[in-house]
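> sequence unavailable; structure follows:
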């Protein structure tokens, strides 16, 4: 079994959280257990991201702060958005 990781920069438009070649433009449906972590903020930067489906907004997304992780069940795809600027998110897919 292998592990795939990615650093995804989330901006003010819905950004796909994906590992591998999908980059930030195409949602990846995770076939294996996955962990998504919001990187803690650095000085002067916010760290709040909103997680949801392709239609995620800051009004309907699940807010996650820096250093917070959550598990993604197999068969799901997630997007993220921020209110302003950008926030770094890490994605780790294991068991592939």
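Alright, I've got the coordinates. Remember, predicted model here, so these are calculated numbers, not experimental data.

> neighbouring strands for the lowest-mean-pLDDT helix or strand in the chain, and are they parallel or not?
Ranked by mean pLDDT, DSSP states H and E, the weakest helix or strand in the chain is strand 34-38, scoring a mean of 72. In the sheet, strand 34-38 lines up against strand 69-72 (antiparallel), strand 87-94 (antiparallel) (DSSP bridges).

> mind listing what's buried along the longest one?
Within strand 87-94, the residues that qualify as buried by neighbour count (16 or more other CB atoms under 10 Å) are 87-93. For glycine as for every other residue, the C-beta is placed from the backbone atoms N, C-alpha and C.

> the first one now?
Neighbour-count burial for strand 69-72, counted by 16+ other CB under 10 Å, picks out residue 72.

> start at 20, not 1
Sounds good: first residue 20 from here, last item strand 88-91.

> which SSE is immediately downstream of it?
Using DSSP states H and E, the helix or strand that follows strand 88-91 in sequence is strand 98-100.

> mean confidence for that following strand?
Strand 98-100 comes out with an average pLDDT of 91.
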